[in-house]
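I would like the atomic coordinates for the input below:
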Amino acid sequence: MPMLVATEARPAGDRLRPHPRQRGVHLPLKVAGAELRDAIEKALEGLPTAKVKAEDWERTRYSPTPTIVEAARALYAGHDVKDIVRHDAAGEHLRQTHAYLLDLAERMRAAGGKAICFVTGVPGAGKTLVGMNLATAKLAPAGSEEVNCVYLSGNGPLVDVLREALARDSVAREQQRGRRLRKNDARAKVKSFIQNIHHFRDEYLKDRLNPPADRVVVFDEAQRSWNLQQTRNFLKRRRKIGSFDMSEPEFLLSCMDRHEDWAAVVCLVGEGQEINTGEAGIKEWLESLNRSFPHWQVHVAPQLRGGEYGAAAALEKAAAAGRVHYSERLHLSASVRSFRAEKLSEFVNALLDREAAAARGLLA
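Have a look, this model is predicted:
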């Protein structure tokens, strides 16, 4: 019995109405502030006599998805993605995607070689969550070299908020253990885990020889990286670099390619979200791989061949060279942000592609 409480409204005298299609659910009840107590009492009178067991309620399908800040804090504190997502098909898909990425990084480390992996998905499917989970994972077994992994985002405010939240969390946890941790020290540690992609780029523009400290790099919203012209204009205007001959994807890949033995790159990709001037889309990542890095493996979901990504031709060229590996586990098809709206993005895509029969089926 959902209630919409407008505290300053005049009493509406709204009545309880069962939902026409969902058994056991009522239509929203409009309640003024002065009516709230009476509305709750009437609702309780209308409930079935069977009691709800708290344990059964907690074990049922739905549990709220954490905000990205809450999720980051949990992961940084040592929890795993399986601890903080719903225990349904969408949550299981997140766990399978994480397992695939972790296994790929481990195989690159053990056998040598370089791989790039594109994780696609509908809005709100948990791509950022998967990326941060990988960045906090322990990639190397005890006794071997420590593997550094970093989460990179071009969303400056998100980076600032996450860093501050994680630093405060670290200080509070150390206080609970009776230890003192200075906030600046906590911030310095967090910086190695979450970085602004432009700061990462600038660091390795200064040092054109040495490889990054990180072996595994996660690029969030990779489709929004800059093309050659936008990169060149920015570096000339803001960094006083006279000439530059690489797009942002190609330069970022060249940095990771400096590692002699192994490296892994994970690109988190939204559908058709390259909206600002100079954003290159996923096509530029694939064309950079085809042009300059033929020795890299490419791991993608079959969905990346779809028209909304604009990368089909470049992907076919890479596949013809025999280095593309397809897996459904790299596409997150269900939204964990918009619960029970899993078909919404599919419907919008079908509508925009003018696939009338598919759109009608999804709408139903």
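
alpha carbons only for contacts and neighbour counts from here, please
Noted.

Please enumerate the helices of the stretch 1-150 of the chain.
In the stretch 1-150 of the chain, the segments counted as helices under DSSP state H, counting those that start in this stretch are 36-45, 54-59, 68-76, 89-111, 127-136.

which of these sits most buried?
helix 127-136 (a mean of 24; mean count of other CA atoms under 10 Å).

just to revisit the earlier point, generate CSV for the helices of the stretch 1-150 of the chain, with mean pLDDT as supplementary columns.
CSV is the format used below for those (pLDDT from 0 to 100):
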stretch, mean pLDDT
helix 36-45, 87
helix 54-59, 80
helix 68-76, 79
helix 89-111, 87
helix 127-136, 86
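
These into JSON lines, with extra columns for distance to T231?
Listed next are the helices of the stretch 1-150 of the chain as JSON lines, based on distance: least, CA to CA, whole Å:
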{"stretch": "helix 36-45", "distance to T231": "58"}
{"stretch": "helix 54-59", "distance to T231": "50"}
{"stretch": "helix 68-76", "distance to T231": "29"}
{"stretch": "helix 89-111", "distance to T231": "29"}
{"stretch": "helix 127-136", "distance to T231": "24"}
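
of all those helices, which lies closest to C117?
helix 89-111 (7.8 Å; CA to CA).

quick one: the closest one to helix 127-136, angle?
Taking axes from the mean of the first three to the mean of the last three CA atoms, to 10 degrees, helix 89-111 and helix 127-136 form an angle of 40 degrees between their directions.

Remind me what helix 89-111 packs against, helices and strands.
For helix 89-111, the packing partners by 3 or more CA pairs under 8 Å, 6 or more residues apart in numbering; DSSP states H and E come out as strand 113-121, helix 127-136, strand 262-269, strand 331-332.

Tabulate these (JSON lines), appending distance to S254.
Formatted as JSON lines, these follow (distance: least, CA to CA, whole Å):
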{"stretch": "strand 113-121", "distance to S254": "12"}
{"stretch": "helix 127-136", "distance to S254": "20"}
{"stretch": "strand 262-269", "distance to S254": "11"}
{"stretch": "strand 331-332", "distance to S254": "26"}
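
Go through these and name the closest to S247.
Closest approach to S247 among these is made by strand 262-269 (15.6 Å; CA to CA).

Show me what that closest one is in contact with.
For strand 262-269, contacts defined as CA atoms under 8 Å, 6 or more residues apart in numbering pick out 101, 105, 108-109, 112-121, 127-128, 131, 215-223, 256-257, 282.

Need the buried ones from those selected in ChimeraX.
Here is the ChimeraX command that selects the buried residues among these (16 or more other CA atoms under 10 Å):
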select :101,105,108,109,113,114,115,116,117,118,119,120,121,127,128,131,215,216,217,218,219,220,221,222,223,256,257,282
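
excluding its backbone neighbours, what's nearest the residue nearest to the spatial centre of the chain?
In the chain, the residue lying closest to the centroid (CA atoms, centre = their mean) is T128, at 1.7 Å. Spatially, and ignoring its direct neighbours in sequence, T128 is nearest to D220 (6.6 Å; CA to CA, 6 or more residues apart in numbering).

and the one you found, what is it in contact with?
Counting by CA under 8 Å, 6+ apart, D220 touches 128, 131, 151-154, 267-269.

Adding distance to L166 as columns, could you present those residues in JSON lines?
Converted to JSON lines, the contacts of D220 look like this (distance: CA to CA, whole Å):
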{"residue": "T128", "distance to L166": "16"}
{"residue": "G131", "distance to L166": "16"}
{"residue": "Y151", "distance to L166": "14"}
{"residue": "L152", "distance to L166": "15"}
{"residue": "S153", "distance to L166": "16"}
{"residue": "G154", "distance to L166": "18"}
{"residue": "C267", "distance to L166": "23"}
{"residue": "L268", "distance to L166": "22"}
{"residue": "V269", "distance to L166": "25"}
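
mind checking how far A319 is from L289?
12 Å (CA to CA, to the nearest Å).

And these two? Which one has more around it.
Counted by other CA atoms under 10 Å, A319 and L289 do not tie: L289 has more neighbours, with 23 against 15.

ok, that one to R109 distance?
According to CA to CA, L289 and R109 sit 20 Å apart.

Nice, that's everything, thank you.
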